[in-house]
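In: here is my input; please provide its structure:
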Amino acid sequence: MNKTVLLVEDEMFVALDLQMIFEDEGWDVAGPYPSTQEALEYLATNRPDCAVLDVRLVDGDVFPVADALTNIQVPFVFHSGHADHAQLNKRYPASKLYSKPCRPSDLLQEAQRMAA
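Out: Residues are numbered from 1 along each chain as shown. The predicted model follows:
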């Protein structure tokens with residue numbers, strides 16, 4: 001059975017690039033969701049193996065999604081060009097931050113580690 005990654009990203013080209021990379025490696029991709037609301041609706045009835053989260057979305061910060069993932073013990077990483085590393089590290093110490101741009105293969109390797 002394939003692993004599922006939740007992809008929350010509002011930049012269409014970044015989202016589609018990540019989606020293709022994960023799917024090429026055999027992952028199921030939930031999303032990409034451009035908003036906190038859509039991601040939370042998905043999480044209301046689904047549990048991915050891990051998640052890649054942009055911090056700033058079309059409807060605000062991704063923190064409600066990160067909190068929901070934390071509550072159901074789903075590991076995640078942040079992928080953002082506008083993140084406060086110290087704030088994220090304090091609020092979500094188990095999660096890594098990958099600054100944009102980064103190599104998509106780095107995110108894929110981190111997802112593989114989280115979902116192992």
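
In: quick check: end-to-end length of stretch 68-85?
Out: Counting by C-alpha to C-alpha, to the nearest Å, you get 20 Å between the two ends of stretch 68-85.

In: how distant is that stretch from the center of its chain?
Out: 6 Å (C-alpha atoms, centre = their mean, to the nearest Å).

In: and for stretch 94-105?
Out: In terms of C-alpha atoms, centre = their mean, the centre of stretch 94-105 is found 10 Å from the chain centre.

In: just stretch 105-113 next, same as before
Out: 11 Å.

In: surely Ala111 is in a helix?
Out: Yes: counting by DSSP: H, G, I helix; E, B strand; the rest coil, Ala111 falls inside a helix.

In: ok, how many other residues are close to it?
Out: 26 (other C-beta atoms under 10 Å). For the C-beta atoms, the positions are set from N, CA and C on the backbone; glycine is no exception.

In: is it correct that it is in contact with Trp27?
Out: Yes: using C-beta atoms under 8 Å, Ala111 makes contact with Trp27 at a distance of 7.4 Å.

In: identify the contacts common to the two.
Out: Lys3, Val5 (C-beta atoms under 8 Å, 6 or more residues apart in numbering).

In: which residues does the closest residue to His82 other than its chain neighbours contact?
Out: The shortest distance from His82 to any non-neighbouring residue, by C-beta to C-beta, 6 or more residues apart in numbering, is to Arg56 (5.2 Å). By C-beta under 8 Å, 6+ apart, the contact list for Arg56 reads Asp10, Val62, Ser80, His82.
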